[in-house]
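K.L.:
A predicted structure for the sequence below; I have some questions about it.
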Amino acid sequence: MLLTNFKSFIGQHCETTALGALLKNVGLNFSEPMLFGLGQGLGFIYWDSKSMDFPFIGGRSKPDAITRIFCGALNIPVQFSQTTSARTAWQQVTSALEAQQPIGLKVDCYYLDYFSSKVHFAAHYLALYGFDDTYAYVCDTEQQGTLAKTRLTSLADARKARGPMSSPSLSFTLQNPGKLPDLKTCIQHAIRQNAKTFLTPPIQNIGYKGILKMSRLVKTWFERSRNKQKDFSLCAALMERGGTGGSLFRKLYAAFLSEASQYPGLDAYAQAALEYQHIAELWSTAAQLIKQAGQTEKAEHLEALAKVLEKIAHLEKSVMEQLAKI
């Protein structure tokens with residue numbers, strides 16, 4: 001069973017790529033930055049616990065939130081389903097395809113055949129558009145080849161995985177609402193709300209306060225890690241290429257603000273777009289310093305990293321304060 005008229009979506013981030021593919025196949029076309037921005041995707045979390053091998057750094061809102069917020073803002077009917085039954089989970093896939101709809105899935109990317117880097121991450125998203133006796137056919141990020149295939153057995157393992165940020169067998173489909181609300185109004189609301197969330201975190205390891213907390217704690221990372229080269233290089237790679245923590249999400253948000261500034265009366269967002277482009281470059285610097293720290297095991301790189309993170313925290317706080325007032 002394969003949707004022969006499936007339209008792929010080329011994206012950098014998994015949830016916006018899956019969302020963009022589903023939207024495109026019901027006749028709704030949005031840029032990835034617009035999906036991210038209207039979904040109030042920008043955020044930050046520094047997450048650590050005794051059960052974790054190494055701290056997790058996340059640079060976006062919590063999993064599932066972008067799709068829910070985007071669809072809610074634009075009145076797009078979206079249906080989320082979750083089940084503990086593997087049989088029911090697969091029936092949801094076949095039902096969607098029989099209705100000529102691709103379906104979004106949340107999985108642990110560790111089990112997907114086409115992923116060369118085997119790291120457990122249970123908040124990965126893809127859009128499934130077909131299957132045969134052996135393989136499932138999916139749309140994933142551009143880094144993963146956009147259109148890919150994985151064995152049905154591997155997909156089943158990826159869907160039922162448990163662990164941090166997992167939602168076993170979560171799937172979602174959506175429909176075209178027919179008429180969309182005024183996008184300019186939606187953009188303004190999304191930016192103000194995202195800024196408010198970032199500036200007033202409920203706990204100290206979220207938002208700009210989380211970046212400041214990270215700037216203080218990175219100096220202890222050598223004591224925290226049992227395998228410095230592995231832990232630090234993986235952290236740096238995820239931050240820079242996977243987007244967790246840094247530059248990818250800041251680049252997306254800068255592009256969103258730039259696109260928003262093209263609407264009449266919203267040109268004030270253009271300056272904030274430039275500032276977030278600069279912030280994205282600083283996050284790339286942070287990732288490079290983490291990598292160097294792991295390779296050399298020299299404390300000077302962590303000292304430099306702490307200063308860059310402190311600067312980032314103050315810059316992001318300042319820009320978000322400006323956006324909250326526009």
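P.N.:
Yes, it's here. The structure displayed is predicted, hence computed values, not measured ones. Residues are numbered from 1 along each chain as shown.

K.L.:
hey, let's count contacts and neighbours off CA atoms from now on
P.N.:
Noted.

K.L.:
is residue 214 in contact with residue 48, as I believe?
P.N.:
No: using CA atoms under 8 Å, residue 214 is not in contact with residue 48, being 10.4 Å away.

K.L.:
more crowded one of the two?
P.N.:
Counted by other CA atoms under 10 Å, residue 214 and residue 48 do not tie: residue 214 has more neighbours, with 22 against 13.

K.L.:
any idea whether the more buried one is helix, strand or coil?
P.N.:
helix (DSSP: H, G, I helix; E, B strand; the rest coil).

K.L.:
cool, and residue 121?
P.N.:
coil.

K.L.:
just the helices in the stretch 51-200 of the chain please.
P.N.:
With DSSP state H, counting those that start in this stretch, the ranges of helices along the stretch 51-200 of the chain come out as 65-73, 86-98, 152-160, 183-199.

K.L.:
list the buried residues in the third one.
P.N.:
Neighbour-count burial for helix 152-160, with 16 or more other CA atoms under 10 Å as criterion, is recorded at 152, 154, 155, 156, 157, 158, 159, 160.

K.L.:
got any ranges where the stretch 151-300 of the chain has weak pLDDT?
P.N.:
Applying pLDDT under 70 to the stretch 151-300 of the chain flags the ranges 242-246.

K.L.:
quick one: the strands in it?
P.N.:
Secondary structure of the stretch 151-300 of the chain (DSSP state E, counting those that start in this stretch): strands at 171-174.

K.L.:
and the spatially closest residue to residue 286 that is not a sequence neighbour, how far from residue 183?
P.N.:
Here the nearest residue to residue 286 in space, its sequence neighbours aside, is residue 305; by CA to CA, 6 or more residues apart in numbering that works out to 5.8 Å. Going from residue 305 to residue 183 by CA to CA, to the nearest Å gives 39 Å.

K.L.:
settle it for me: which of those two has more neighbours?
P.N.:
residue 305 (25 against 14).

K.L.:
quick one: residues contacting that one.
P.N.:
By CA atoms under 8 Å, 6 or more residues apart in numbering, the residues touching residue 305 are 215, 218, 286, 289, 290.

K.L.:
make sure it is indeed in a helix.
P.N.:
Yes: applying three-state DSSP, one finds residue 305 inside a helix.

K.L.:
kindly report the domain assignment for the chain.
P.N.:
By the assignment in automatic domain parsing, the chain contains the domains 14-30+78-174, 183-325.

K.L.:
how many neighbouring residues does residue 4 have?
P.N.:
For residue 4, the neighbour count with other CA under 10 Å is 9.

K.L.:
quick check, pLDDT for the nearest residue to residue 143 once chain neighbours are set aside.
P.N.:
Nearest residue to residue 143 in three dimensions, chain neighbours excluded: residue 12, at 7.0 Å (CA to CA, 6+ apart). For residue 12, the model assigns a pLDDT of 93.

K.L.:
and residue 12, which of the three is it?
P.N.:
coil.

K.L.:
which residues are in contact with it?
P.N.:
Counting by CA under 8 Å, 6+ apart, the residues that residue 12 touches are 141, 142, 143, 248.

K.L.:
one more time with 7 Å
P.N.:
For residue 12, the contacting residues are 141, 142, 143, by CA atoms under 7 Å, 6 or more residues apart in numbering.

K.L.:
sort out which one of these lies nearest residue 175 for me.
P.N.:
If you rank these by distance to residue 175 using CA to CA, residue 141 comes first, at 22.0 Å.

K.L.:
near residue 164, how many other residues are there?
P.N.:
Burial of residue 164 is recorded as 11 neighbouring residues (other CA under 10 Å).

K.L.:
for burial, what's the neighbour tally of the closest residue to it other than its chain neighbours?
P.N.:
Nearest residue to residue 164 in three dimensions, chain neighbours excluded: residue 122, at 6.8 Å (CA to CA, 6+ apart). For residue 122, the count of nearby residues is 24 (other CA under 10 Å).

K.L.:
now for residue 122: which residues touch it?
P.N.:
Per CA under 7 Å, 6+ apart, neighbours of residue 122: 107, 108, 109, 161, 163, 164, 165, 166.

K.L.:
and the closest residue to the fifth one other than its chain neighbours, what's its pLDDT?
P.N.:
In this structure, residue 163 finds its nearest non-sequential neighbour in residue 122, 6.8 Å apart by CA to CA, 6+ apart. For residue 122, the pLDDT comes out at 91.

K.L.:
now residue 122: phi and psi?
P.N.:
phi -90, psi 10 (degrees, to the nearest 10).

K.L.:
that one and residue 112, how far apart?
P.N.:
Taken as CA to CA, the spacing of residue 122 relative to residue 112 amounts to 11 Å.

K.L.:
and the strands in the stretch 1-150 of the chain?
P.N.:
Going by DSSP E, counting those that start in this stretch, the stretch 1-150 of the chain shows strands at 42-47, 56-60, 78-81, 103-107, 124-131, 135-139, 147-151.
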